[in-house]
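using only what follows, build the 3D model:
(chains A and B)
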Amino acid sequence: DAKTTQPNSMESNEEEPVHLPCNHSTISGTDYIHWYRQLPSQGPEYVIHGLTSNVNNRMASLAIAEDRKSSTLILHRATLRDAAVYYCILSPPDGNKLVFGAGTILRVKS
Amino acid sequence: DSGVTQTPKHLITATGQRVTLRCSPRSGDLSVYWYQQSLDQGLQFLIQYYNGEERAKGNILERFSAQQFPDLHSELNLSSLELGDSALYFCASSVYGLPHLTDTQYFGPGTRLTVL
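Purely as a prediction, here's the structure:
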C-alpha cells in the first residue's frame, strides 16, 4: 500500500483558513487521494477525494500538486467543530479498503 | 448521522468469551467493511463483504470471523477473547466497494469492546 506522510499535529485559530499537508511520493497513477476525519468519540467521516484536479465541496477544498506527490486539504474557515484527526489516504489498486496512518491532530483555538 | 448503525454501543465481557457485533449499512449500500481501532495499532482494516461475499481481508485474526446476510447487514464474531482485543470496532458501508471504482465509505458510531 502506498504510504502517506502527515504532520503529527497542527493548530489553527477559529475563523481562519487551515492548510493540512500530505506527502505521497510513491503514489501510483490510479490511486485516488482521500481525506477522512475523526471527531472525538465518533467514527471516521468522509471529507473529500480527488485524482488529479483540485476539488471543492461544501466541507473543504483539495489541492493536488501537478506531479501528484503531495496534496493539501484546505478548510476555508476553521470552526471549533473542525477539531479532529485528519487522515490522508490513498486508495489501493486492488479494492476499497482504507489504510489509515496516524493522521494530523488539528486543534482549533477560539 | 451517517446512516450506518451498529449495536451494541458498549460491550463488556471476560477473557475467553465470544461476542457478536452487528452492523446495518446505509440503505442501498452493497459493501460492508469492518475496522478495529486500538490505542497502540490505530485504525486497521479487518475485512470487507460485498453483496454477501467476502471481498477483501486485512489483519483479521483467525479467532475473528464475519458474514454478510441477504438483507446486507453484517456481523463480526470475536471468539476466545483476549485482553488485547479491547478496542473500538467500526463498521463502514459503501455503494460498491469494487476495484478501480472509487467509493466513499460511511462509518458507523462504533462498538466499544472491553475485555476484562
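
only C-alpha atoms from now on, for both contacts and neighbour counts.
Noted.

so what's the residue count around residue B:18?
Residue B:18: 14 surrounding residues under other C-alpha atoms under 10 Å in any protein chain shown.

skip the chain neighbours and tell me the closest residue to it.
residue B:79 (4.1 Å; C-alpha to C-alpha, 6 or more residues apart in numbering or on different chains).

ok, residue B:60 next?
Nearest to residue B:60 is residue B:46, by C-alpha to C-alpha, 6+ apart, at 4.8 Å.

mind giving me the packing neighbours of the helix or strand encompassing the one you found?
Taking DSSP states H and E as the criterion, residue B:46 maps to strand B:42-50. Helices and strands touching strand B:42-50, by 3 or more C-alpha pairs under 8 Å, 6 or more residues apart in numbering or on different chains; DSSP states H and E, are strand B:31-38, strand B:53-57, strand B:64-68.

which bits of chain B sit near chain A?
Applying C-alpha under 8 Å from any C-alpha of the partner chain, one finds that chain B approaches chain A through B:33, B:42-45, B:48, B:56, B:90, B:97-100, B:102-110.

buried subset of those residues as a ChimeraX selection?
Only the buried entries of those go into this ChimeraX selection, using 16 or more other C-alpha atoms under 10 Å in any protein chain shown:
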select /B:33,42,43,44,45,48,56,90,97,98,102,103,104,105,106,107,108,109,110
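
show me the shaky parts of chain B.
Residue ranges of chain B with pLDDT under 70: B:97, B:99-101.

contact partners for the residue nearest in space to the middle of it?
Among the residues of chain B, residue B:34 comes closest to the average C-alpha position under C-alpha atoms, centre = their mean, at 2.7 Å. Counting by C-alpha atoms under 8 Å, 6 or more residues apart in numbering or on different chains, residue B:34 touches B:45-48, B:76, B:89-92.

just residue B:58 next, same as before
By C-alpha under 8 Å, 6+ apart, the neighbours of residue B:58 are B:44-47.

SS state for residue A:102?
coil (DSSP: H, G, I helix; E, B strand; the rest coil).

gap between it and chain B?
7 Å (C-alpha to the nearest C-alpha, to the nearest Å).

all strands for chain A, in order.
With strands called from DSSP state E, chain A shows them at A:9-13, A:18-23, A:33-38, A:45-50, A:55-56, A:61-64, A:70-75, A:84-90, A:104-109.
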